[in-house]
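Colleague: model this:
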Amino acid sequence: MTRRIVAFDTETATGGGAMHLLELGAVLIQDGEIVDRFESFVRPEVPIDPRTTAVHGIVDAQVADAEPAQVVVPRFVQWLGDAWLVAHNAPFDIGVLGFEAARHGFELPQSTVLDTVKLARRYIPESSDHKLETLTQHLDLDVDVHHRALADAVSCWMVLEECLARRSAQPEAPVGDALWTEMLAHGGSRRGLADALPRPPRMSPRLRPLEAAARERAPVVVLYGEEGPVSPLRIAPRLLFESGDKGYMEAECLRSGLLKTYRLDRVQRVLEGP
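Modeller: The predicted structure is shown next:
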């Protein structure tokens, strides 16, 4: 195996809305062996949601002195070089990096991305499901930790290795670059890393000032709420994005100083804009 492969995983501070990177772990594989590792906590701009702490066990105190995402992610990109990326449920993990790139205004490379969920469904069909923890148990892999970035990156690589081994053992299996071409055909992510930025929302004309405010990092005053009397809210928009069929806005609440996610369909009117 001559292709450089980087298996990676992310943990997040938030369980929904705009995703915030909390931990990034990766392993570089060359000739079938792990030759280097990348591991870093990330200091998020929001408090860690207790529901995500219940999954990965990371608390605010552990990341208080960590570098922010705008430092860690570009350093990871430089370390990555021209390697192919591999992740388990890749749309989630590349989406996390995409949110940070959009939030802080840096570019992501045109990296090819493989998704081991897709590959496991094809080459390990007998597993009861294709969650990473289930697969490591089904394959009897030597894994002691789950839902931490570096450990899950290693598990992701082991799953990919099993998929490669099973395909290579089949009659008339491709070899070399032809094998990787087949892996890409069956397990390639529909979006590469550079395409992982959050989708912009559909904006009505009355909300257009929010686009300018986010672009200029300027404060605005909006009327926000669903029904009944609503009060003016002074915010500094940072990021506009779409999730599912709804539009959202990440903005700093200038009264509390907290970064929050707001639904665009609840913005009744923009009173003051940039």
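Colleague: and the biggest strand by length in the chain, what does it pack onto?
Modeller: For the chain, the strand reaching the highest residue count under DSSP state E is reported as strand 232-243. Counting contacts by 3 or more C-beta pairs under 8 Å, 6 or more residues apart in numbering; DSSP states H and E, strand 232-243 packs against helix 90-104, helix 208-216, strand 220-224, strand 246-253. Using the backbone N, CA and C atoms, a C-beta is placed for each residue, glycine as well.
Colleague: off-centre distance for the helix or strand hosting R122?
Modeller: Here R122 sits within helix 116-123, counting by DSSP states H and E. The chain centroid and the centroid of helix 116-123 are separated by 19 Å under C-alpha atoms, centre = their mean, to the nearest Å.
Colleague: then stretch 110-119?
Modeller: That offset, for stretch 110-119, works out to 13 Å (C-alpha atoms, centre = their mean).
Colleague: quick one: average pLDDT of it?
Modeller: Here stretch 110-119 scores 96 as its mean pLDDT.
Colleague: before we move on, what about stretch 62-82?
Modeller: pLDDT averaged over stretch 62-82 gives 97.
Colleague: for that stretch, buried residues please.
Modeller: 63, 66, 69-70, 72-74, 76-77, 80 (16 or more other C-beta atoms under 10 Å).
Colleague: end to end on that stretch, go ahead and measure it.
Modeller: With C-alpha to C-alpha, to the nearest Å applied, stretch 62-82 spans 32 Å between its terminal residues.
Colleague: tell me the pLDDT of the residue nearest the centre of the chain.
Modeller: Geometric centre of the chain, nearest residue: V96, 2.1 Å, by C-alpha atoms, centre = their mean. Note for V96: predicted pLDDT of 97.
Colleague: related to what we said a few turns ago, and the longest strand of the chain with helix 208-216, angle?
Modeller: 80 degrees (axes from the mean of the first three to the mean of the last three C-alpha atoms, to 10 degrees).
Colleague: quick one, helices of the stretch 51-200 of the chain?
Modeller: 60-63, 69-80, 90-104, 116-123, 132-138, 149-168, 177-187 (DSSP state H, counting those that start in this stretch).
Colleague: quick one: low-confidence parts of the stretch 1-150 of the chain?
Modeller: For the stretch 1-150 of the chain, the stretches with pLDDT under 70 are 1-2.
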